[in-house]
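In: Fold the following and give me the result.
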Amino acid sequence: MLLDANQSLHERARQVLPGGHLSPSRKLGQPYAFVRAEGPYLYDANGDRHTDFHCGFGAHVLGHGNQAIRQKVAHVSERLDLIGAGITDLEVETAQALVECIPCAEQVAFCNSGSEATYHALRLARAVTGAKRIIKFQGGYHGWHDYVAMNGQTSRERMDSFDPMSDGILLDAAQYTIILPYNDAEAVERYLKSNPGEVAAIIVEPIAHNMGSVTASTAFLRALRQLTVEHGVILIFDEVITGFRHALGGYQSIVGVTPDLATFGKAASSGYPVGLVAGRRDLLERVGQSGDRGVFMGGTFNGTPSTLAAVLATIEELSREGVYERLFAMGDYLRGQLDGIIQRLGIPAQSAGYGSVWLMYFFEGPYSQYRDLLRNDDALDLAFRKRLIEQRMIFQPLPLKRLYLSTSHTTKILDESLDVIENALKALIR
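Out: Next up is the predicted model:
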């Protein structure tokens, strides 16, 4: 009997990693152990090739192993490694490049992940306003920390109640987070008027990709901007997914609404560990102070040279003419073909997504907030995803989760994948 290298690595992992993986969100339901990544493909320990639509949780807009990123990182590593004192020329150059890209950015503070970025942005908002409460929206995900790790993919039974994502969350911290429905400006206005001076920040995904792909209406985002100005509240756009994937300046540069602060991560560095808080100078200058008015934002690995080199190379590559146009065209093509499959098979479903983000919802009709997504046929959604993973298409096997494209994907790859998708759906509805 031939040794299965994937299975062998999984058995070893169970001995030394909690649950045999780094996170339950990485479980595929198949014993795949990846040993190489290149462009749109992953290669497992058995030597089998998989088409990657996960793209490192969306980090790889340029595909795996992009040569421009690798070369820039290698070049910088010849002269710089971790310094942790004073400043480096690379920190200044990267911050300047980001300020030029991002509409809200007058200054930029570096950290190491999107979760860190949202944590720091909320701490800063509380320091500036003196208020304690924050508003987030049902279905949104803003990281693992206690202030926001609740009411993500909530079950029908837990709607309209506190729904923590983890055991061990400190309720004394979580109680200051108010959950409101997405795309409902009237609910936000009512809460702010009923609780004057108590809200420090509103944090929102301008496209709620953590519930697939639900776009905030322009009217909703404009209303948030107006209401936060009127009530002295800090408006934070969580652009950890939308930033760099849909535009260098984030979705704020597309919709034309500028927040006070914005958080970025993932795609800003093509897979190197980074988080950013970008925003108004008068706010971020508090991070640079010490003493009673200082807002501490430390971290040994903040601004690691290899990461900053990757950010600069990512900006350069995504600034090339036609990059985003091609990504959007591929996404539109894929969604159009999916709708054709749905129509041919007569399935109660619809394609969804924006730009290079795509998925299928297994329900019909409009949607604008998380409650609408409770109509999704989660059992069919999950069975569909598991079948595709068996066919070596990689993404999260969880209902409502988004999939990604990169510049390394081609129409040929999409057409091959569409054939697999259509055959999988046919098998499931027999």
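In: distance between the ends of stretch 35-50?
Out: For stretch 35-50, the first and last residues are 12 Å from each other (C-alpha to C-alpha, to the nearest Å).
In: any idea of the mean pLDDT for it?
Out: The pLDDT scores in stretch 35-50 average 96.
In: again, but for stretch 53-62
Out: Stretch 53-62 comes out with an average pLDDT of 97.
In: and the residue nearest to A5 when sequence neighbours are not counted, what is it in contact with?
Out: Nearest non-adjacent residue to A5, counting by C-beta to C-beta, 6 or more residues apart in numbering: A45, 3.6 Å away. Backbone N, C-alpha and C define where each C-beta goes, glycine included. Neighbouring residues of A45 by C-beta atoms under 8 Å, 6 or more residues apart in numbering: 5-6, 8-9, 33-35.
In: all helices of this protein, in order?
Out: 5-16, 55-58, 67-77, 89-101, 114-129, 171-174, 185-194, 218-231, 252-255, 281-284, 305-318, 323-345, 378-390, 411-428 (DSSP state H).
In: Go through those and name the closest to G39.
Out: helix 411-428 (9.4 Å; C-beta to C-beta).
In: contact partners of that closest one?
Out: The contact list for helix 411-428 (C-beta under 8 Å, 6+ apart) reads 40, 51, 53, 330, 333-334, 337-338, 341, 344-345, 347, 380, 383-384, 387-388, 391, 393, 405.
In: Could you turn the buried ones of those residues into a PyMOL selection?
Out: Selection of buried members from these for PyMOL, criterion 16 or more other C-beta atoms under 10 Å:
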select buried, resi 40+51+53+330+334+337+338+341+347+380+383+384+387+388+393+405
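In: what's the spacing between the residue nearest the centre of the chain and P18?
Out: Centroid check for the chain by C-alpha atoms, centre = their mean gives I241 as the closest residue, at 3.0 Å. According to C-beta to C-beta, to the nearest Å, I241 stands 26 Å off from P18.
In: go on, G250?
Out: Going from G250 to P18 by C-beta to C-beta gives 34 Å.
In: And the two? Which one has more around it.
Out: Counting neighbours by other C-beta atoms under 10 Å for G250 and for P18 shows that G250 has the greater number, 30 against 10.
In: where does that one fall, phi/psi-wise?
Out: Main-chain dihedrals, G250, degrees, to the nearest 10: phi 80, psi 180.
In: how close does R430 sit to P348?
Out: R430 sits 16 Å away from P348, going by C-beta to C-beta.
In: Those two - which one has more neighbours?
Out: Between R430 and P348, counted using other C-beta under 10 Å, the more crowded position is P348 (13 against 4).
In: from memory R371 sits against N183, does it?
Out: No - assessed by C-beta atoms under 8 Å, R371 is found out of contact with N183, at 10.5 Å.
In: Please identify the most buried of the helices of the chain.
Out: The highest mean neighbour count among these, using mean count of other C-beta atoms under 10 Å, belongs to helix 114-129: a mean of 24.
In: helices or strands next to that one in the packing?
Out: Secondary-structure packing of helix 114-129 (3 or more C-beta pairs under 8 Å, 6 or more residues apart in numbering; DSSP states H and E): strand 107-111, strand 133-137, strand 199-204, strand 234-238, strand 261-264, strand 275-279, helix 281-284.
In: at 7 Å what do you get?
Out: If contacts are counted by 3 or more C-beta pairs under 7 Å, 6 or more residues apart in numbering; DSSP states H and E, helix 114-129 sits against strand 107-111, strand 199-204, strand 234-238, strand 261-264, strand 275-279.
In: which helices and strands does the second one pack with?
Out: The elements that strand 199-204 packs onto, with contact taken as 3+ C-beta pairs under 7 Å, 6+ apart, are helix 114-129, strand 133-137, helix 218-231, strand 234-238.
In: The ones you listed: which one's closest to D282?
Out: From the helices and strands packed on strand 199-204, taking C-beta to C-beta, the stretch that ends up closest is helix 114-129, at 8.5 Å.
In: R371 and N183 - which one has more neighbours?
Out: Per other C-beta under 10 Å, whichever of R371 and N183 has more neighbours is N183, with 21 against 16.
In: ok, now how distant is the closest residue to the more buried one other than its chain neighbours from K401?
Out: Leaving out its chain neighbours, the residue that sits closest to N183 by C-beta to C-beta, 6+ apart is S368, at 4.5 Å. Distance of S368 to K401, computed by C-beta to C-beta: 19 Å.
In: Scan the helices and strands of this protein for the one with the lowest mean pLDDT.
Out: helix 171-174 (a mean of 89; mean pLDDT, DSSP states H and E).
In: Name the surrounding residues that touch it.
Out: Contact with helix 171-174 is made by 146-147, 150, 164, as judged by C-beta atoms under 7 Å, 6 or more residues apart in numbering.
In: what do you get if the cut-off is 8 Å, keeping everything else the same?
Out: Against helix 171-174 from outside (C-beta under 8 Å, 6+ apart): 146-147, 149-150, 162, 164.
In: Which one (most neighbours) among those?
Out: The most crowded member of those, judged by other C-beta under 10 Å, is Y147 (22 neighbours).
In: quick one: Y404 and L62 touch, right?
Out: No - in this structure, Y404 is not within contact of L62 by C-beta under 8 Å, at 11.6 Å.
In: circling back to that earlier point, among the contacts of helix 171-174, which pair sits farthest apart?
Out: The widest separation within those (C-beta to C-beta) is 13.1 Å, between Y147 and F162.
In: got a list of what R126 touches?
Out: Applying C-beta under 8 Å, 6+ apart, we find R126 in contact with 132, 134, 200-201.
In: Could you rerun that using 7 Å?
Out: Going by C-beta under 7 Å, 6+ apart, the list of residues near R126 reads 132, 200.
In: What of the one 3 residues further on?
Out: Neighbour list for T129: 200, 232-234 [criterion: C-beta under 7 Å, 6+ apart].
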